[in-house]
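> Below is the structure, and that's it, no one-letter string:
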């Protein structure tokens, strides 16, 4: 009995939801932090078709959003029956591209108390890589991974220690079926145009992938997601008489795939639907999905594909484990993806790394010394502040004038890996408010944030302002400081220690005085800064 209690306490259960363009998927996973590993204990799927948007506006349809809410409510009820401690949900291309996508996510948050992370195409690719890596042995061999979704196709090059290239392109089975397939069965002209369009669209990402290939290496192609699993299942049923369970490891040849494409193009929807193992929604889009795969394999020069039944949703679980330090061995490299991504952006925009590190150290020291006193934010918010401090001056790459606004723009559009779209927005906002005016209700970039994250920006941007002031000359004149909260007299004291005891740090002291009003207004305290040890 004692052992079973200990086991229950050591295991953690979380649910991951992938709100795709065609289908919504949820997996419930039991995590054993001691190994560390996870086991999928439940899977749910519903064909919601978020990608079936308004033709003229591109907006999500009201009936589709209603259907999505019903599915998500069912998923949450199931997660609750498994006592999941957290439900992590991500949305991809359909919500990214819809003008009312963020309004829909606000509705989900309001009605279901579920905060959905909107992730970029590259971030989607990174998590797909993590999902596949969790389910297959790479054996130190390089892998090309292809994931064909409803709205986009991700192509990834990686091995068992890192991903080398992540790409995402806007060709998906639902998207292209809706745009290009008007005849049933498809006409010769439509098929030829569709094939040419797919090939042209895939050339750029595949060329990018090829630029990372190393001389002499052998590559394996891995395929994930519903379209590829359906194609493999049909092929297995016809070749073997049954579908392997699990499907992971099954090989589909390019020759067999071409045969399937040639069959599907001659069949009507109802005839495709009659194929054993074909669902009604999949029958609509299977030809386009198969053609995307055929063209990708042809351009890559791959004669076969190995199926993996793990993908984005399992990658969401792995990423959750990484962010909480539960994985420290095989995927350790991935744990630093955020830091490396920030570093790459800093290099790209020629940020003064020495100065930004000093600013970041001061901002985090202020955060740490006031935690539990002036605020109750934790490790996640601390890391966002760090990222903003490193990148706050990247806007200088464009111009010194209004560079805080340029910093916002560059960060917001930089596709930082490892972060959700909301987290990127927070980093960009914190950098935006390191100087000039504080956050205001008329600032669209600020008011569009969810309430919690508006509070993060409001609470933490004064720390970044003070940190910038403490290194005003960018020479590390202030070596250290200690803070003291004196609520009885409504004051907050900063005792500064100069690097050079002969330096009066006049510019830093002036800058602190200039920058402190935001801090004083936010925390209703008078900031008193004193320089210690001058002339000593």
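Structure's in. What do you need? Only a predicted model underlies this, so the values are computations on that prediction, with no experimental measurement involved. Numbers count the residues shown, from 1 in each chain.
> Low-confidence ranges, the stretch 351-500 of the chain, go.
Counting by pLDDT under 70, the stretch 351-500 of the chain has low-confidence residues at 415, 417-418.
> same thing with the chain?
Short version for the chain, where the test is pLDDT under 70: 1-10, 33-37, 139, 327-337, 415, 417-418, 533-536.
> Can you show me the strands along it?
For the chain, the strands identified by DSSP state E occupy 12-19, 23-32, 37-47, 86-91, 116-118, 142-148, 153-158, 163-169, 219-224, 251-253, 304-307, 478-486, 491-498, 526-531, in order along the chain.
> Now do the buried residues in the last one.
Residues of strand 526-531 classed as buried under the neighbour-count rule (16 or more other CB atoms under 10 Å) are 527, 529, 531. Using the backbone N, CA and C atoms, a C-beta is placed for each residue, glycine as well.
> which one of the strands of the chain is the most hemmed in?
strand 153-158 (a mean of 26; mean count of other CB atoms under 10 Å).
> packing partners for that strand?
Secondary structure elements in contact with strand 153-158, counted by 3 or more CB pairs under 8 Å, 6 or more residues apart in numbering; DSSP states H and E, are helix 121-135, strand 142-148, strand 163-169, helix 188-210, helix 280-300.
> Quick one: closest of those to residue 367.
Proximity of the helices and strands packed on strand 153-158 to residue 367 was assessed by CB to CB; the nearest stretch is helix 121-135, lying at 25.5 Å.
> How far does the closest one sit from its chain's centre?
On the basis of CA atoms, centre = their mean, to the nearest Å, helix 121-135 sits 10 Å off its chain's mean C-alpha point.
> and the helices and strands packed on strand 153-158, which is most packed in?
Stretch with highest mean neighbour count among the helices and strands packed on strand 153-158: helix 121-135 (a mean of 25; mean count of other CB under 10 Å).
> which one of the helices and strands packed on strand 153-158 lies closest to residue 350?
Between residue 350 and the helices and strands packed on strand 153-158, the shortest separation by CB to CB is 22.1 Å, and it involves helix 121-135.
> and that closest one, what other elements does it pack with?
Under the contact definition 3+ CB pairs under 8 Å, 6+ apart, helix 121-135 sits against helix 93-97, strand 142-148, strand 153-158, strand 163-169, strand 219-224, helix 312-323.
> Reformat those as CSV; add distance to residue 251.
Written out in CSV, the entries for the helices and strands packed on helix 121-135 read as follows (distance: least, CB to CB, whole Å):
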stretch, distance to residue 251
helix 93-97, 29
strand 142-148, 14
strand 153-158, 19
strand 163-169, 23
strand 219-224, 10
helix 312-323, 21
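> coming back round to it: tabulate the helices and strands packed on strand 153-158 (TSV), appending distance to residue 405.
Listed next are the helices and strands packed on strand 153-158 as TSV, based on distance: least, CB to CB, whole Å:
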stretch	distance to residue 405
helix 121-135	24
strand 142-148	36
strand 163-169	28
helix 188-210	31
helix 280-300	40
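> Let me know which of these is the nearest to residue 182.
Distances from residue 182 to each of the helices and strands packed on strand 153-158 were compared using CB to CB; the shortest belongs to helix 188-210, at 6.6 Å.
> That closest one to strand 163-169, inter-axis angle?
Between the axis of helix 188-210 and that of strand 163-169 there is an angle of 150 degrees, by axes from the mean of the first three to the mean of the last three CA atoms, to 10 degrees.
> Tell me which other helices or strands helix 188-210 touches.
Using 3+ CB pairs under 8 Å, 6+ apart as the contact criterion, the elements in contact with helix 188-210 are strand 153-158, strand 163-169, helix 173-180, helix 280-300.
> Which one of these lies nearest to residue 308?
Closest approach to residue 308 among the helices and strands packed on helix 188-210 is made by strand 153-158 (11.7 Å; CB to CB).
> Note down every partner strand of that closest one and its orientation.
Taking DSSP bridges as the criterion, strand 153-158 pairs within the sheet with strand 142-148 (antiparallel), strand 163-169 (antiparallel).
> List the contacts of residue 500.
residue 477 (CB atoms under 8 Å, 6 or more residues apart in numbering).
> Let's test this: what are the backbone torsions at it?
Listed backbone geometry of residue 500 is phi -110, psi 120, with angles given as degrees, to the nearest 10.
> all helices for the stretch 351-500 of the chain, in order.
With DSSP state H, counting those that start in this stretch, the ranges of helices along the stretch 351-500 of the chain come out as 353-370, 379-391, 403-412, 421-432, 444-447, 451-470.
> Of all the ones you listed, which one is nearest residue 231?
When the helices of the stretch 351-500 of the chain are compared by CB to CB, helix 421-432 sits nearest residue 231, at 31.3 Å.
> picking that back up, TSV for the strands paired with strand 153-158, including distance to residue 426?
TSV is the format used below for those (distance: least, CB to CB, whole Å):
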stretch	distance to residue 426
strand 142-148	28
strand 163-169	22
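> can you tell which of these is closest to residue 393?
Set against residue 393 and scored by CB to CB, the strands paired with strand 153-158 come closest in strand 163-169, at 26.9 Å.
> and residue 158, which of the helices of the stretch 351-500 of the chain is closest to it?
With CB to CB, the closest approach to residue 158 among the helices of the stretch 351-500 of the chain belongs to helix 421-432: 22.5 Å.
> Quick one: list the elements packing against that closest one.
Judged by 3+ CB pairs under 8 Å, 6+ apart, helix 421-432 is in contact with strand 116-118, helix 379-391, helix 403-412, helix 444-447, helix 451-470.
> what angle sits between it and strand 86-91?
Computed by the same axes, to 10 degrees, the angle between helix 421-432 and strand 86-91 is 80 degrees.
> Contacts for helix 421-432, please.
The set of residues that contact helix 421-432 without belonging to it, under CB under 8 Å, 6+ apart, is 96, 117-120, 384-385, 387-388, 391-392, 394-395, 404-405, 407-409, 411-412, 414, 416, 419, 439, 445-446, 448-450, 453, 456-457, 460-461, 464.
> Using neighbour counts, trim the residues you listed to the buried set.
Applying a neighbour-count criterion of 16+ other CB under 10 Å, the buried members of those are 96, 117-120, 384-385, 387-388, 391-392, 394-395, 404-405, 407-408, 411-412, 414, 416, 419, 439, 445-446, 449-450, 453, 456-457, 460-461, 464.
> Leaving out chain neighbours, which residue sits closest to residue 382?
Leaving aside its sequence neighbours, residue 382 sits nearest to residue 367 (CB to CB, 6 or more residues apart in numbering; 5.5 Å).
> For that neighbour, give me its contacts.
With contact set as CB under 8 Å, 6+ apart, residue 367 has these partners: 375, 377, 382, 385, 460, 463.
> do the same with residue 239
Residue 239 makes contact with residue 256, according to CB under 8 Å, 6+ apart.
> hmm, 10 Å instead?
Listed by CB atoms under 10 Å, 6 or more residues apart in numbering, the contact partners of residue 239 are 250, 252-253, 256.
> and of those, the nearest to residue 92?
Using CB to CB, residue 252 is the member of these that sits closest to residue 92, with 24.2 Å.
> For that closest one, give its distance to residue 228.
In this structure, residue 252 lies at 8 Å from residue 228, with CB to CB, to the nearest Å as the measure.
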